[in-house]
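Asks: 3D, please:
(2 chains)
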Amino acid sequence: MSERPLWVRVGIVLWALATLAASWGCVRGKDALPQARHGEIDLAAYDFHRSGPVALDGEWAFYWDRLLTPGDFEAGGPVPEKTGYLVFPGSWAGVAHDGHPLPGTGQATFLLRILPGPRERHLTLRLFDIQAAYRLWINGTFVAHSGVVGRSPDAEQENPSSILASVRTDGQPLQLILQISNYHFHRGGVPVSILLGEPGALELAHMRAWGSGLFFAGSLLIMGLYHLVLYVWRKTDTSPLYFGLYCLLWMGNFITSDVTEWVVHLFVASSHTSSLDKLSLLFYIISVPVGYRFFRKLYPLEFSFYVQLACDVSAIVFGSIAIFCSSLFVYASISYCYATSIIFITYCFYKLYRCLRHGRDGALFIFCGFVVLGMVAINDMLYHLGIIESIYLIQVGMFVFVLFQALALAQRFSHAFTAVEGLSVALRHNNVALQEEIVERNRLEREIVNISEEERRRISHELHDGLCQQLTGARLRCSVLGQKFTNAATPADWTLLTDLLDASVNDAYDLSRGLWPVEHDPSVPGPSLEDLVRRMAASSGIAIALHQKRRCAKCVNPNATPLYRIAQEALANAVKHARAGSITVTLCCTAADHLELTVVDDGVGREPDGHPRGGLGIGIMAHRAKMIGATLEIADAPGGGTLVRCIASCDGLSKTTPGNGETEASHDGR
Amino acid sequence: MTADKSGVHVLLVDDHPAVRQGVALLLAAGRHVVRGEAQNCQEALARLSESPVDLVLLDLSLNEASGLALLPDLEERGIPVLVYSMHEDPESIERAFRFGVRGYVTKREDPMVLLEAIDRVMAGHRYLSPLVAQQMAQRALVSPANDPWEVLSDRERQILARMGQGESSAEIAEALAISARTVETYCSRMIEKMELSGMKALRKYAISRPR
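Replies: Alright, predicted model coming up:
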């Protein structure tokens, strides 16, 4: 969401409203049109060609409770007494008659004389959305009907429809006789203007109504299916499901309602339109909770669960009424349905505004779209209830709303893609950093091992070349001192001192050798396995055999230091824990450029649970093997005892050895 | 150069003053004469030119260098060398004898062994102290190392090391003041000893061998 100031956002909304109001104004701006007065309308001066169809609005002669036919008005007969004049479009409900207001239901006949002008011509008459049954005669000729006119709810079958009737005029006045019976709608009469125009204009308008109806319905169908597919692919987010259903419900409402002049009749045979009206109403009723759910899924913090419950209850109540109650009751209660809808719309306006204030994702688009939709919905409801004079705009409003949702969705997608791209880049960087860290950590681990080896070597040499030499000097002096006692008995203290010095030299020497086998030869800078085996054999008294086969230039002592340490651990284990009689050490450079170390003893073998005896030493061996990428295997030796085998690649060994220059320098310094 | 009946004239070469002093006292007690002390090869050569000696008692580790470096000079002067060192590994012992020392005593021996060694060496024998003998005997228990390097002489190792640094036969010859022909002879001997396929394999070994 960009950081746009609030006044810009509100400005966008006001602009949308202004556009809507302007379109409304255009519709309402027609005045100074011919109006019927006292049952007669003069169209002699009206230019159909230039001004288009004319609405036969105004005062029609009104015969309450009579179903009159042209025969009743024939010259010579008694002239039926008219009840008065009723203004079209309008309803007789509430009109005063004999001091009482007329009910909404009943039947009546209307009469209008048209003075068409001198020209002989063909005209088209449009009767639209009269929520009743009617019959029409012009100059005594039966021209059109809709439903079945009757004097009771059972006898009457209403059928709101759009009918175009052809009229031929020869310049003489035209007499229109319109019978209407209404037992299913609460406000009987003609709620929509009856239009008269030149042939083609009204047909064209009808075609346009169907065309635009199909266009808007198609838009909603595509958007609905698109959102349903979005939901199918990603079920964790249910908002596309609700929006998809919302679109499809409105599409259903459009094609089955008068706003598209029942465009569904293009595909389904025209029959009883009252059931279509109920279906369209049901679509509308269900769309309210579905739409609310869509908002609530988008902005759960703002949209209340209890209002959702209220939406559901309202939908169930009005849906049940639409399905089970009579049309009269349905139409009578529709104002309550619209009232609750207007409350929900107002609530959603407020909550979406809050979302906008809180900078919620996509709130600007959703808010703008819903302001347009909500306003036109209120307009259409008020118009449908006859409270205001307007036109149905719901198709445009819904289209705008869907368009804005598409924008919000596009924005969400682009944000998501951008975020994914950002994350991918971050992930790549993290991976690289992690790999570098692993490499660095391995290097440091090797470094630590090398440092530890170097430290052992240094201490070993300190002992060997320092302490041992000092002790040697002391022993020599002591020995010389001892010779002075040759004639007398040698004092016990002197013997003790000599023994102590001997022991000290031996200890220091053994310690030095144990830490790092000192070789005098600088060309043998690494610890030697021979020396190790020799010392272990000498100190333990166990026969240790060494077999070596080192052919490859890489498997020299410095490189084999890790293997030397593993051998040292394995030998220490065998000597300490295995109770072995003999041990065999083999270091063999195999044909596959691998150096294989095996230490086999004939001792008591591993623990019953398969664990080798020795504890920590095993872990150290495993770690050293891992450091050089070698495989370490500890198994039962054939014929008893334990087998330790470590196989390392010669390349791996030479790579893990620290810079040989350093090693050489330090050895030269001995 | 003959030894005085009353004692042997000895040059002490050891970088540890404590050892030198101890040995000096011991030798004096054994009626030998310490004609000089040196803590490195240069000093040793200087002492030698100052006063003739019958025997050089030599430590193998002299700070930065190996005491064995003195051997060619001493051999030239016909002075027998007795090694008195802390090193007990058979490789060091073998190497010392390869260089021509006459006796080897480890510093862990009873000091009296040193006096015996001097007597034996001066009597014209080779001498191995008991610990040295034990080390050599134990060595027989394990098989010898199969690092091809082990079988080479010092000169051969020198040539191989230079070869590993990319020097040509001519360059090596010049550096070592020998003929190119001799270098080639050394090479063919190394190929034979190390059971290599030829000159190319030798060069490859020289380069790949960690220095």
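
Asks: spatially, what comes nearest to residue A:409 if we skip its sequence neighbours?
Replies: Nearest residue to residue A:409, sequence neighbours excluded (Cβ to Cβ, 6 or more residues apart in numbering or on different chains): residue A:362, at 7.7 Å. (Each C-beta comes from the backbone N, C-alpha and C, glycine too.)

Asks: and that neighbour, how far from residue A:299?
Replies: Distance, residue A:362 to residue A:299, using Cβ to Cβ, to the nearest Å: 9 Å.

Asks: again, but for residue A:45
Replies: Separation of residue A:45 from residue A:299 (Cβ to Cβ): 58 Å.

Asks: please apply the same query to residue A:68.
Replies: Counting by Cβ to Cβ, the gap from residue A:68 to residue A:299 is 59 Å.

Asks: quick one: residues contacting residue 170.
Replies: This is for chain A. By Cβ atoms under 8 Å, 6 or more residues apart in numbering or on different chains, the contact set of residue A:170 is residue A:120.

Asks: think we crossed wires, I meant chain B
Replies: By Cβ under 8 Å, 6+ apart, the residues touching residue B:170 are residue B:180.

Asks: from chain A, how far off is it?
Replies: As judged by Cβ to the nearest Cβ, to the nearest Å, residue B:170 and chain A stand 24 Å apart.

Asks: report the buried residues of the helix or strand that residue falls within.
Replies: Remark: residue B:170 resides in helix B:169-176, with elements defined by DSSP states H and E. Under the neighbour-count criterion of 16 or more other Cβ atoms under 10 Å in any protein chain shown, helix B:169-176 has B:169, B:172-173 buried.

Asks: which one of the residues you listed is nearest chain A?
Replies: Chain A has its nearest neighbour among these in residue B:172, at 17.2 Å by Cβ to the nearest Cβ.

Asks: neighbours around residue A:607, how many?
Replies: For residue A:607, the neighbour count with other Cβ atoms under 10 Å in any protein chain shown is 11.

Asks: likewise for residue A:264?
Replies: Around residue A:264 there are 21 other residues, counting by other Cβ under 10 Å.

Asks: likewise for residue B:203?
Replies: Using other Cβ under 10 Å: residue B:203 sits among 16 other residues.

Asks: that one touches residue B:165, doesn't it?
Replies: No - Residue B:203 is beyond contact range of residue B:165, at 11.5 Å (criterion: Cβ atoms under 8 Å).

Asks: ok, for residue B:164, nearest residue in space, not its chain neighbours?
Replies: Spatially, and ignoring its direct neighbours in sequence, residue B:164 is nearest to residue B:206 (3.9 Å; Cβ to Cβ, 6+ apart).

Asks: within the helices and strands, which one has that neighbour?
Replies: Using DSSP H and E, residue B:206 maps to helix B:199-208.

Asks: make sure I have this right: residue A:635 is in a strand.
Replies: Yes - assessed with DSSP: H, G, I helix; E, B strand; the rest coil, residue A:635 lies in a strand.

Asks: show me how the chain divides into domains.
Replies: No chain was given, so I picked chain A. The record's domain parsing of chain A by automatic domain parsing lists A:6-24+A:223-418, A:39-199, A:528-668.

Asks: you answered for a different chain; I wanted chain B.
Replies: B:9-139, B:148-208.

Asks: please identify the deepest-packed of those.
Replies: Among the domains of chain B, domain B:9-139 has the highest mean neighbour count (mean count of other Cβ atoms under 10 Å in any protein chain shown), at a mean of 20.
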